[in-house]
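> when you get a sec, could you give me coordinates for this:
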Amino acid sequence: MCGINGIVTFNKASRFTDNVLSMNQVLAHRGPDSEGIWHDENIVLGHRRLAIIDLSEAGRQPMFSADERYVLVFNGEIYNYKELKQNLSEYTFITQTDSEVILAAYDRWDVDCMSHFNGMFAFAIYDRKFEELILVRDRMGIKPLYYYQGHDFFIFSSELRALLGSGLIPRKLSPASLADYLHYQTVLAPETIIEGVSMLMPGSYISLHQDKNKGGKINADIHSYWQIASPIKALSPEGKSKKRIRKDIFNLLSASVERRLIADVPFGAFLSGGIDSSAIVGLMSQAMTQPVNTFSVTFDDKLYSEEAFSRNIAKRFHTYHQEIPLKALDMLNMLPEALSSIDHPTGDGLNTWVISKVTKKAGIDMALSGLGGDELFAGYDLFIRLWYLNKFRFLGYMPLSIRKSTSRILERLKPSIAISKAQELLLLEDAKFRNIYPLMRSILSKKKIASLLNQPFYYEIKVEHIMDGIETRGIPFLSQISMAEFEVYMFNILLRDTDQMSMRHALEVRVPFLDYELVEYILQVDDNLKYPHSPKQMLVESLNGLLPKEISQRKKMGFVFPWDTWMRNDLKSFCESSLSSLSNFPIFNRDGINNLWSGFLLHDPLITWSRIWFLVVLAKWLQDNKIEN
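Numbers count the residues shown, from 1 in each chain. The predicted model follows:
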């Protein structure tokens, strides 16, 4: 796991060497083990290394192919690199790294090499012979890759702030992306919060070359090499019995966990005591000969602590378990450092920062996580709500007058977020999934967003376009929800937060539930086998008794902090100061922001802490990074 940087130009690349060195410095936390930089006439490549496989100096990057034609900078892991290496026996290997396997695979298969990789990765390969560069991102978007195209250069990096640190990019807020953020507490890729900066989409690559017919202009062509629920499958549940499908799922998940145990450094697992993390720990214990190192955060307040459940699993699988007791004062003291670790603003992620910090402090360089289990196995209440809304969608075709009357009746009930959402649902033009999902996932309504801004905003509903693409795939309805969750919530919040918060501590996090072979299989399973009569029923049944009932049937908690209490007390002045700085941006309406904050302090049931906190995070990030309106 590392950090990569680079600048492509066809006009004296050496002039950008200092810029890439500055970017490397910004990424120092991602790669504390070594730094590398290389340039020729057209390109400068930079790298920061966190050594996980082959810790020797031979693994330094930028790395050259055996014939020195190709140059690589790579962030991530290729889990099946040993098998690939056996199939590339004609190549002369000089290291034990997965990085060199990428070079060998590209030498043989060119861009088709991506189809052979099972892993999480973002890498750049420069062809010195034809003066071409490709930039690649893994299928599930686990590793990030940002880029910006200037007048005569193209710049890329593992982090947004490294791009800003290059000194080559205007620090300008994107109004269109701001509307995204206010809707979903994140910016949906490929856009980012900074105007002109994009994020390479999962399962895609960019090919860069010089257009000599246009004065040396850099052509950047984007290609997709994989899509979720693509029609070609190596393994399918079609026509199989429920028992056989369970067996397939167990085998796929077990294989996924085993692949992710390859490392030359100490490693462990995050253990909350929920179904997902417990399943990962259980499968790790079956695959390993030594005890698994497990880590969990505990709280004095039993309302927020899951220690009884994590202890249960630790005892069951004989793990070397470490609990990290966390008091409210501890978290509040760490908050400034945690917020300063955010690379791209979102309304979540501080929990990952905490567990990563304590795990790294314990001497662990790599950890497995249960991230993705909820999205893949219908673990959120959102799946149930959308299931019933879809089942009774004919109600959405009632005359608008009747739906408006019903909405007015709901106004007489006690105000709540749920009632407010129900009213909005009743007023939709139709009850199609493409309209319902964006509304269910939005954090602020269009009306509320309009009150926060000083200018009218045009907002293209990107989520609805994502829905259109999903509905054409012909997959089961629950899998459509999973795909929506992947492309909206997981890609743009969960995975981005996990990367930026764990790598701030130079900790690599691997996510077995997001193995692409497992994902492809689960998305084909019929709803009647997946419908969540109990929490993640299909996953639990597939584990065949691996987890005790105390875990498999427990109520979902999640790793949360008492933000509501903190924001009204210890963090009140900080929140007010941050929101005040946000009001200084011409695009924001000061009265609108003040009214939102006042409503929260007055316990308005429609203004929960999460509808304030993501604005506080945004304000702090814009201020720290000197972003202009």
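> residue 498: which element?
Per DSSP states H and E, residue 498 falls inside helix 495-503.
> flag the shaky bits of this protein, pLDDT-wise.
Residues of the chain meeting the criterion pLDDT under 70: 212-216, 229-234, 301-305, 393-397, 400, 458-461, 472, 557-560.
> tell me, how many residues neighbour residue 289?
When neighbours are counted by other C-beta atoms under 10 Å, residue 289 registers 4. For every residue, glycine as well, the C-beta is placed using N, CA and C.
> again, but for residue 318
10.
> again with residue 254
Around residue 254 there are 18 residues (other C-beta under 10 Å).
> then residue 112?
Neighbour tally, residue 112, other C-beta under 10 Å: 11.
> what residue lies at the spatial centre of this protein?
Taking C-alpha atoms, centre = their mean, the centroid of the chain lies closest to residue 495, which sits 1.5 Å from it.
> quick one: it from residue 138, how far?
To residue 138, residue 495 is 10 Å away according to C-beta to C-beta, to the nearest Å.
> got it, and residue 281?
24 Å.
> quick check: angle from the helix or strand hosting residue 5 to helix 495-503?
Assigned by DSSP H and E, residue 5 falls within strand 2-9. In terms of direction (axes from the mean of the first three to the mean of the last three C-alpha atoms, to 10 degrees), strand 2-9 departs from helix 495-503 by 110 degrees.
> partners of strand 2-9, with directions?
strand 43-49 (antiparallel), strand 153-157 (antiparallel) (DSSP bridges).
> hey, which of those strands is tucked in deepest?
Most buried of the strands paired with strand 2-9, by mean neighbour count (mean count of other C-beta atoms under 10 Å): strand 43-49, with a mean of 27.
> hey, what's residue 36 bridged with?
residue 47.
> for it, give me its contacts.
46-47, 49, 60-62, 73 (C-beta atoms under 8 Å, 6 or more residues apart in numbering).
> cool, residue 626 as well?
residue 171.
> in contact with the residue sitting furthest away from the middle of the chain, which residues?
Distance from the C-alpha centroid of the chain, by C-alpha atoms, centre = their mean, peaks at residue 401 (41.7 Å). Shown in contact with residue 401 (C-beta under 8 Å, 6+ apart): no residues.
> what about it, which SS state?
Classification of residue 401 using DSSP: H, G, I helix; E, B strand; the rest coil returns helix.
> about what we covered before: higher neighbour count, residue 281 and residue 138?
Neighbour count, other C-beta under 10 Å: between residue 281 and residue 138, residue 281 has more, with 30 against 26.
> list the contacts of the helix or strand hosting that one.
Assessed by DSSP H and E, residue 281 sits inside helix 275-287. For helix 275-287, the surrounding residues in contact (C-beta under 8 Å, 6+ apart) are 253-254, 257-258, 261, 269-271, 291-292, 294, 309, 313-314, 316-319, 368-374, 379, 512-513, 535-536, 539-540, 543, 546-547, 551-552, 554.
> helices - which of the residues you listed land there?
Residues of the contacts of helix 275-287 located in helices (DSSP state H): 253-254, 257-258, 309, 313-314, 316, 373-374, 539-540, 551-552.
> what is the neighbour count of residue 556?
12.
> what about it, distance to residue 504?
Residue 556 is 27 Å from residue 504, by C-beta to C-beta.
> again with residue 349
10 Å.
> check residue 205 too.
Using C-beta to C-beta, residue 205 is found at 27 Å from residue 504.
> ok so, going back, of the contacts of helix 275-287, just the buried ones, ChimeraX syntax please.
Buried subset of these, written as a ChimeraX selection, criterion 16 or more other C-beta atoms under 10 Å:
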select :253,254,257,258,261,269,270,271,292,294,309,313,314,316,317,319,368,369,370,371,372,373,374,379,512,513,535,536,539,540,543,546,547,551,552,554
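> the helix or strand where residue 529 lies packs against which elements?
Element membership for residue 529, per DSSP H and E: helix 527-530. Applying 3 or more C-beta pairs under 8 Å, 6 or more residues apart in numbering; DSSP states H and E, we find helix 527-530 packed against helix 477-484, helix 537-542.
> do that again at 10 Å, thanks
The contact analysis (3 or more C-beta pairs under 10 Å, 6 or more residues apart in numbering; DSSP states H and E) places helix 527-530 against helix 242-259, helix 381-391, helix 477-484, helix 537-542.
> I'd like those as JSON lines, with distance to residue 594 appended.
Shown next, in JSON lines, are the helices and strands packed on helix 527-530 (distance: least, C-beta to C-beta, whole Å):
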{"stretch": "helix 242-259", "distance to residue 594": "49"}
{"stretch": "helix 381-391", "distance to residue 594": "31"}
{"stretch": "helix 477-484", "distance to residue 594": "34"}
{"stretch": "helix 537-542", "distance to residue 594": "46"}
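> most neighbours per residue, which of the ones you listed?
Buried most deeply of the helices and strands packed on helix 527-530, by mean count of other C-beta under 10 Å, is helix 477-484, with a mean of 24.
> and it, how far out from the chain middle?
Here helix 477-484 is found 17 Å from its chain centre; the criterion is C-alpha atoms, centre = their mean, to the nearest Å.
> that one to helix 381-391, inter-axis angle?
Going by the same axes, to 10 degrees, helix 477-484 makes 130 degrees with helix 381-391.
> residue contacts, residue 77?
By C-beta atoms under 10 Å, 6 or more residues apart in numbering, residue 77 lies in contact with 1, 52-53, 98-99, 117-121, 138, 142-143, 259-260, 262-263, 366, 508, 510.
> just the buried ones from the residues you listed?
Among the contacts of residue 77, those classed as buried by 16+ other C-beta under 10 Å are 1, 52-53, 98-99, 117-121, 138, 142-143, 259-260, 262, 366, 508, 510.
> circling back: between the contacts of residue 36, which is nearest residue 151?
Relative to residue 151, the closest of these is residue 46; by C-beta to C-beta it sits at 21.1 Å.
> now the strands for the stretch 401-550 of the chain?
Ranges of strands within the stretch 401-550 of the chain are 508-510, based on DSSP state E, counting those that start in this stretch.
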